[in-house]
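Asks: Need coordinates for the below:
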Amino acid sequence: MTEHPVPAPVVPPLVRPRRLRTTPALRRMVAEQQVQARQLVLPVFIREGLTEPKPVSSMPGVVQHTRDSLLAAVSEAAELGLGGVMLFGVPETKDATGSGALDPSGVLNLAITDVVAEVGDALTVMSDLCLDEFTDHGHCGVLTADGRVDNDQTLTAYADMARAQAHAGVDMVGPSGMMDGQVRVIRDALDAFEHTDVGILAYSAKYASAFFGPFREAVDSSLVGDRRTYQQDPANAREGVREALLDVAEGADMVMVKPALPYLDVVRRVREAVEVPVAAYNVSGEYAQLEAAAERGWIDREAAILETLTSIHRAGADVILTYWASEAARLLAL
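Replies: Below is the predicted model:
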């Protein structure tokens, strides 16, 4: 008869990390990171000429707002304790220079005034400072005769746009065009007109990303070509840190990495390199892919939303721009 070896006794582990995962209360108590509503910023789109909100087909649950529905959305955001809103304007008409961005009666500047009057100090009212929604070619700046984006002519337009938004009452402008020197020019323009309290959230590391597609539907983009001559190459992380450091030196109050999820390593590097708050934009393509998977029953939607936002915060983002901001605030309160 064959004898079977006697198995060695199992040695109980000395260290048991699972003890700290035993109950929901214990897990909550020792959580290293927790997203809070105050850290979330809701991007919202206001479209000129609408009589009712218009759904964005590639972003389920997101709409282009009327003036009235915009006020309802920002009031809800204030009640939920969000940190702020980021306003994007969608005009009825566009031209080569994006002149509608400078018009005091233009859709974005009117929206700023409306929102500030509605929420007061309950939210940080931010506005996109870029020409792409207002130009008929869809680029973020003024073009030369041969179709290139003219960096320095664009800076002049950005300075005027900053003054217009500050006059409308904005708390913080968000220059997103990735023009060299944009933060310094905007800071000088604001200070020269005694808008010294208006902050700058610099889109410092904004990549030429495939994840921006649904956003272009949301703003009715007229883009011809691409933005690779001014937005960053997705291959470059050190460059993102360099851009953030330049923006801080030029007077940025906060810096941002956009998109968030494919660039969590950049978020971490920027967080370690600067002393100002760091934001990350959980962009439209990130939103759309999760919503599409949830619609098909492939993932647990609410759990995935909170896990996504936690990952961005864990990477180092102090502030997160996300289309789930209001919903996430409600989930976090449960």
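
Asks: count of residues packed around Thr308?
Replies: Around Thr308 there are 21 other residues, counting by other CB atoms under 10 Å. Any C-beta I mention is one placed from the backbone N, CA and C, and that applies to glycine too.

Asks: Return the distance of it relative to Leu201.
Replies: Per CB to CB, to the nearest Å, Thr308 is found 21 Å from Leu201.

Asks: can you check Gln36 too?
Replies: 18 Å.

Asks: Tell me which of these two has more neighbours.
Replies: Taking other CB under 10 Å, Gln36 and Leu201 do not tie; Leu201 has more neighbours (30 against 13).

Asks: Spell out the residue ranges of the helices in the stretch 51-200 of the chain.
Replies: Using DSSP state H, counting those that start in this stretch, the helices of the stretch 51-200 of the chain run over residues 67-79, 107-119, 151-168, 182-192.

Asks: who touches the nearest residue to Ile112 once chain neighbours are set aside in this structure?
Replies: In space, and not counting its chain neighbours, Ile112 is closest to Ala168: 3.9 Å by CB to CB, 6 or more residues apart in numbering. Ala168 makes contacts with Pro104, Asn109, Leu110, Ile112, Thr113, Val116, Ser127, as judged by CB atoms under 8 Å, 6 or more residues apart in numbering.

Asks: Distance of the closest residue to Ala260 other than its chain neighbours relative to Ala303?
Replies: Nearest non-adjacent residue to Ala260, counting by CB to CB, 6+ apart: Ala280, 4.0 Å away. According to CB to CB, Ala280 and Ala303 sit 20 Å apart.

Asks: What score does the nearest residue to Ala237 once chain neighbours are set aside have for pLDDT?
Replies: Closest residue in space to Ala237, ignoring its immediate chain neighbours: Val266 at 5.2 Å, by CB to CB, 6+ apart. Model confidence at Val266, given as pLDDT, is 98.

Asks: swap in Met1?
Replies: For Met1, pLDDT reads 58.

Asks: coming back round to it: how close does the residue nearest to Ala237 get to Glu275?
Replies: Going from Val266 to Glu275 by CB to CB gives 17 Å.

Asks: Looking at the two, which one has more neighbours?
Replies: The neighbour comparison of Val266 against Glu275 (other CB under 10 Å) goes to Val266, with 29 against 6.

Asks: you'd agree the more buried one is up against Ala235?
Replies: No. Val266 is not in contact with Ala235 according to CB atoms under 8 Å; the separation is 11.3 Å.

Asks: and Ala235, how far is that from Leu332?
Replies: As judged by CB to CB, Ala235 and Leu332 stand 35 Å apart.

Asks: Compare the two and say which is more crowded by neighbours.
Replies: Leu332 (17 against 7).

Asks: who's in contact with that one?
Replies: Contact partners of Leu332, counting by CB under 8 Å, 6+ apart, are Val35, Gln36, Ala37, Leu306.

Asks: and those residues, which of them are in helices?
Replies: Leu306 (DSSP state H).

Asks: from the contacts of Leu332, which would you call buried?
Replies: Buried subset of the contacts of Leu332 (neighbour count, 16 or more other CB atoms under 10 Å): Val35, Ala37, Leu306.

Asks: where does this structure have its least confident helix or strand?
Replies: In the chain, no helix or strand scores lower on mean pLDDT, DSSP states H and E than helix 213-218, which sits at a mean of 86.

Asks: quick one: buried residues of that one?
Replies: Neighbour counts over helix 213-218 (16+ other CB under 10 Å) mark Pro214, Phe215, Arg216, Glu217, Ala218 as buried.

Asks: Quick one: distance of that helix to the chain centre.
Replies: 14 Å (CA atoms, centre = their mean, to the nearest Å).

Asks: That one - contacts with which helices or strands?
Replies: helix 284-295 (3 or more CB pairs under 8 Å, 6 or more residues apart in numbering; DSSP states H and E).
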